[in-house]
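Engineer: model this:
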Amino acid sequence: DTERCSAWKEEVQTLLIFAGLFSAVVTAFVIESYKFLQPDPNAAVVGLLFHIASSINNSSPFPPSVDPSSISTPFSQTSSSVRINIFWFLSLILSLTTVLVGTVSLQWLREHQSYGGFSAKEKIAILHMRTVALEVWWVPQIFAALPVLLQAALTLFLAGLIDFVLPLGRKLTISVCIVIGLTLLFLAATTLLPTLQYFLFFTGFYPYRQPPDPCAFKSPQSRVVLTI
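Structural biologist: The predicted model follows:
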């Protein structure tokens, strides 16, 4: 039990560090992408200056009074900007959720390993009771879900990043898409291969008589796929 709790604690602390840094990065992108959903405050001023310049060019001694809002073009959100913000806001929410759940789970471990002034016999009984409670209340599954949440946040961020670079030029888009594609391909392959090996072996599609070496790419997300 001590080794398992120590492993959980170490993993959660590592995830908290990465999730904190990742949240800061996503926040910086969200600050910029959020502007795409709002009209440019300088658009009305530019339109008014253009109207005055046009009046001067038309030799009008007194430019007419014009409402700036009537000059600016109607603002409409593009589908690309909406998608980008959906991806990045969801990514930020999942990352912060990982931080919240990870922090709370460390409190669970601290309480789980706290025995107070009980005797050795009482500690053994309490340990057994708490160990059973961990399984009953799905605590191992919650710890296993934390890296999955963070990976989902990273995937959403990369999806939004692809949409973000599309208007910035073909060369940049291709370069970014290749790197992101290889990254997501690695994640998908390592997630699906254990299930694929299990399916091929136990359904009789495996071409060799000797049992294969177990796939080493076992992870919480691969277990979810296998369960499905």
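
Engineer: spatially central residue in the chain, please.
Structural biologist: Taking C-alpha atoms, centre = their mean as the criterion, Ala153 is the residue nearest the geometric centre of the chain, at 0.8 Å.

Engineer: which residues does that residue contact?
Structural biologist: By C-beta atoms under 8 Å, 6 or more residues apart in numbering, the contact list for Ala153 reads 19, 22, 26, 90-92, 94-95, 98. C-beta coordinates here come from the backbone N, C-alpha and C atoms, glycine included.

Engineer: ok, Asn85 next?
Structural biologist: Contacts for Asn85 were tallied using C-beta under 8 Å, 6+ apart; they are 30, 33-34, 36-37, 160.

Engineer: what's the closest non-adjacent residue to Thr97?
Structural biologist: In this structure, Thr97 finds its nearest non-sequential neighbour in Leu149, 6.1 Å apart by C-beta to C-beta, 6 or more residues apart in numbering.

Engineer: swap that for Thr103, please
Structural biologist: Once flanking residues are discounted, Thr103 sits nearest to Leu16: 7.0 Å by C-beta to C-beta, 6+ apart.

Engineer: coming back round to it: what is the most widely separated pair among the contacts of Ala153?
Structural biologist: Using C-beta to C-beta, the contacts of Ala153 span at most 14.5 Å, a distance reached by Ala19 and Leu90.

Engineer: when the two are compared, which one has more neighbours?
Structural biologist: Ala19 (26 against 17; other C-beta atoms under 10 Å).

Engineer: wait, isn't the more buried one in contact with Ser95?
Structural biologist: Yes: between Ala19 and Ser95 there is a contact at 5.1 Å, judged by C-beta atoms under 8 Å.

Engineer: okay, and the common contacts of the two?
Structural biologist: Contacts common to Ala19 and Ser95, judged by C-beta under 8 Å, 6+ apart, are 150, 153.

Engineer: Lys121 and Tyr115, how far apart?
Structural biologist: Distance, Lys121 to Tyr115, using C-beta to C-beta, to the nearest Å: 12 Å.

Engineer: more neighbours, those two?
Structural biologist: The neighbour comparison of Lys121 against Tyr115 (other C-beta under 10 Å) goes to Tyr115, with 14 against 8.

Engineer: name the nearest residue to that one, sequence neighbours excluded.
Structural biologist: Lys123 (4.9 Å).

Engineer: the one you found contacts Ser114, doesn't it?
Structural biologist: No: contact between Lys123 and Ser114 fails when scored by C-beta under 8 Å: they sit 10.6 Å apart.
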